[in-house]
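Participant: Sequence and computational prediction follow.
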Amino acid sequence: MNKFNTDEIITNDAHLIQSFADLNGLKQADARTVIVEAEGAYVTDSEGNKLIDGIGGLWCVNVGHGRREIIDAVTEQLKTLDFYSTFYNFTHPTAAALAKKIADIAPGNLNRVYFSNSGSVANDTSIRMLHHYNNRLGKTQKKKVLSRIGAYHGSTHLAMAMTTPAYSEGWDTEDSIVHHLRSPYSYREADNMTDEEFLEVLAEDMIASINDIGAENIAAFIAEPLMGAGGVIVAPDGYHKRMREITTEHDIKYIADEVVTAFGRLGHMFSSKDKYEMQPDIINTAKGLTSGYQPLAATIVSDEIYDVISEPGAKFLHGMTYSGHPAAAAAALANIEILESEKIPQQVQTTGKYFENTLKGLSDLDIVGEVRGSHFMMGIEFVENKETKLAFHDDKNVALRLQQHAQKRGLIARPLGNILILSPTLILTTKDIDKIGGILRESIEAVTKELL
């Protein structure tokens, strides 16, 4: 017997403002999906339907749902120390231990950690920190930020300014300090260029922008190793190494937004160095840090940056009440222990590739233009004409239709315009992956018939 009353939940939910939602559309009957339980790679809705969590909560439930180790760690922490802040001269054992653990596993000289509550705030924090860093060096004009068309860095005021302009339509942002470089979106932007040729075009665009703005005015370049909510955009091979060379040459700090890509999603604890062979000055992460069991983010900075901002003469005037919250820190420590002890990133190097290849096997279908991504971070772009890459008109709602068909068949996926995104838990078996491939194929074939 179903113990959840869907109608009652939805009545209560009328008071909740959902994120990135068509709020008017949510006024319609049956517009919401109520998730009530979760275990492993699956979730259950209020009607009792068991669904594969194909979006991992929201890019984040890396070790799977219902892990007792994390739940127990949070419970035990709350019994001992429910909360204390890390303001002023205060600390507590769990935040200290987590900072040390992150410093141990982060690449290179990234040994200093600031905790916040979300990826958006982590990205904001890195810019505030670099502005302060440059002020302390007397470079008070060095404040601009280079981002990219197609980026997603969050929805706070500054993070949204660094996000691709399409996400801020109708909203104000702090865009006076942000300059967007050309997107590394090969499928749409490279024309008939090779990867090497397109990479050089992107490098020339960065150099031209730096020369136009003035390197003395630019604090940082921020980039996701693999672009996520902008459409799962994969830059050409060697992109991050090349951009790092240019930024280093012009004294511009490199911020790697690993909010999605860290903690195993691409087969490594951190992707910047291990997968893309690039050492950043700052890594921002969240999501997989706790596998979503508690809200927590981290801005991980180099010793060189910390040495400047910790010199005598000024305080670090930045802080959040819940920075390093004991329960969140306990969740992160337990989560990292699972990732390490079960060798989940190493496992993803095999199962993630199987997932990637399974989805790429859908490329034979008539409306599949490109399947792209890496391991457990994938996007499928749908087109009206494969030869010309003609996109479906927005009113066709192709990805939304596909999401609805997939959900009826037992899979949650994420629609984004003409792109369907999948970012499942990292514990999928090959049997789970085969099931996802079958559901997607059936759903795409069904939508193709509807469109015809």
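Facilitator: Right, received. Where do you want to start?
Participant: What distance do you get for the closest residue to G230 other than its chain neighbours to A331?
Facilitator: Once flanking residues are discounted, G230 sits nearest to G150: 3.9 Å by Cβ to Cβ, 6 or more residues apart in numbering. (Each C-beta comes from the backbone N, C-alpha and C, glycine too.) For G150, the distance to A331 (Cβ to Cβ, to the nearest Å) stands at 31 Å.
Participant: With Y88 instead?
Facilitator: 25 Å.
Participant: what does N62 give?
Facilitator: 12 Å.
Participant: try I300
Facilitator: For I300 relative to A331 (Cβ to Cβ), the value is 18 Å.
Participant: that older thread, joint contacts of N62 and A331?
Facilitator: S291 (Cβ atoms under 8 Å, 6 or more residues apart in numbering).
Participant: per-residue pLDDT, the residue nearest the centre of the chain?
Facilitator: When Cα atoms, centre = their mean is applied to the chain, the residue found nearest the centroid is V260 (2.9 Å). We have a pLDDT of 98 for V260.
Participant: Okay, and it sits in which element?
Facilitator: Element membership for V260, per DSSP states H and E: none, as it lies in no helix or strand.
Participant: I'd guessed it sits against V232; true?
Facilitator: No. Taking Cβ atoms under 8 Å as the definition, V260 is not a contact partner of V232, at 9.8 Å.
Participant: Can you pull the residues that touch both of the two?
Facilitator: In terms of Cβ under 8 Å, 6+ apart, V260 and V232 are both contacted by the residues 226, 377.
Participant: and the closest residue to G108 other than its chain neighbours, what does it touch?
Facilitator: Leaving aside its chain neighbours, G108 sits nearest to Q279 (4.7 Å; criterion: Cβ to Cβ, 6+ apart). Contact partners of Q279, counting by Cβ under 8 Å, 6+ apart, are 107-108, 244, 272-273.
Participant: One more pass at 10 Å, please.
Facilitator: 107-110, 240-241, 244, 248, 254, 256, 272-273, 302 (Cβ atoms under 10 Å, 6 or more residues apart in numbering).
Participant: Could you check the pLDDT of it?
Facilitator: Looking at Q279, its pLDDT stands at 98.
Participant: Please apply the same query to D172.
Facilitator: So, for D172, pLDDT stands at 89.
Participant: correct me, but it touches L158?
Facilitator: No. In this structure, D172 is not within contact of L158 by Cβ atoms under 10 Å, at 11.7 Å.
Participant: Those two: who's more crowded?
Facilitator: Set D172 next to L158 and count neighbours by other Cβ atoms under 10 Å: L158 wins out with 23 against 9.
Participant: Extract the C-alpha trace of the strand or helix carrying that one and format it as PDB.
Facilitator: According to DSSP H and E, L158 maps onto helix 157-162. Output of helix 157-162 as PDB, limited to C-alpha atoms (Å, rounded to 0.1, in the frame of the first residue of the first chain):
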ATOM      1  CA  HIS A 157      24.600  37.300  -9.000                       C
ATOM      2  CA  LEU A 158      28.300  37.000 -10.000                       C
ATOM      3  CA  ALA A 159      28.200  33.300 -10.900                       C
ATOM      4  CA  MET A 160      25.300  33.900 -13.300                       C
ATOM      5  CA  ALA A 161      27.300  36.600 -15.000                       C
ATOM      6  CA  MET A 162      30.000  34.100 -15.600                       C
END
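Participant: Packing partners of that helix?
Facilitator: Packing partners of helix 157-162 (3 or more Cβ pairs under 10 Å, 6 or more residues apart in numbering; DSSP states H and E): helix 119-136, strand 144-148, strand 178-181, strand 218-223, strand 253-257.
Participant: Can you give the distance from the second one to the centre of its chain?
Facilitator: Yep, that's strand 144-148 we're talking about. Centroid separation for strand 144-148 versus its chain: 18 Å, with Cα atoms, centre = their mean, to the nearest Å.
Participant: Flag every buried residue along the longest helix anywhere in the chain.
Facilitator: Ranked by residue count and defined by DSSP state H, the top helix of the chain is helix 430-451. Along helix 430-451, these residues count as buried under the neighbour rule (16 or more other Cβ atoms under 10 Å): 432-433, 435-437, 439-441, 443-444, 446-448.
Participant: Now find how far off-centre that helix is within its chain.
Facilitator: Helix 430-451 sits 25 Å away from the centroid of its parent chain (Cα atoms, centre = their mean).
Participant: And it, what does it pack against?
Facilitator: Using 3+ Cβ pairs under 10 Å, 6+ apart, helix 430-451 sits against strand 50-53, helix 344-360, strand 368-374, strand 377-385, helix 398-408, strand 411-412, strand 419-422.
Participant: what comes up buried for the longest one?
Facilitator: With burial defined by 16+ other Cβ under 10 Å, the residues of helix 344-360 counted as buried are 344-345, 347-348, 351-352, 354-356, 358-360.
Participant: Test my guess that E76 contacts A331.
Facilitator: No. The pair E76 / A331 is not scored as a contact, 11.2 Å apart, by Cβ under 10 Å.
Participant: which of these two has more neighbours?
Facilitator: A331 (28 against 12).
Participant: which SSE is that one in?
Facilitator: Using DSSP H and E, A331 falls in helix 326-341.
Participant: Keeping just the C-alphas, turn that helix into PDB.
Facilitator: Provided in PDB are the C-alpha atoms of helix 326-341 (Å, rounded to 0.1, in the frame of the first residue of the first chain):
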ATOM      1  CA  PRO A 326      30.000  19.700  11.100                       C
ATOM      2  CA  ALA A 327      27.400  17.500   9.600                       C
ATOM      3  CA  ALA A 328      28.300  18.400   6.100                       C
ATOM      4  CA  ALA A 329      32.000  17.900   6.700                       C
ATOM      5  CA  ALA A 330      31.200  14.500   8.300                       C
ATOM      6  CA  ALA A 331      29.200  13.500   5.200                       C
ATOM      7  CA  ALA A 332      32.100  14.500   2.900                       C
ATOM      8  CA  LEU A 333      34.600  12.500   4.900                       C
ATOM      9  CA  ALA A 334      32.400   9.400   4.800                       C
ATOM     10  CA  ASN A 335      31.700  10.000   1.100                       C
ATOM     11  CA  ILE A 336      35.400  10.300   0.200                       C
ATOM     12  CA  GLU A 337      36.200   7.200   2.200                       C
ATOM     13  CA  ILE A 338      33.600   5.200   0.100                       C
ATOM     14  CA  LEU A 339      35.000   6.600  -3.100                       C
ATOM     15  CA  GLU A 340      38.500   5.500  -2.100                       C
ATOM     16  CA  SER A 341      37.900   2.200  -0.400                       C
END
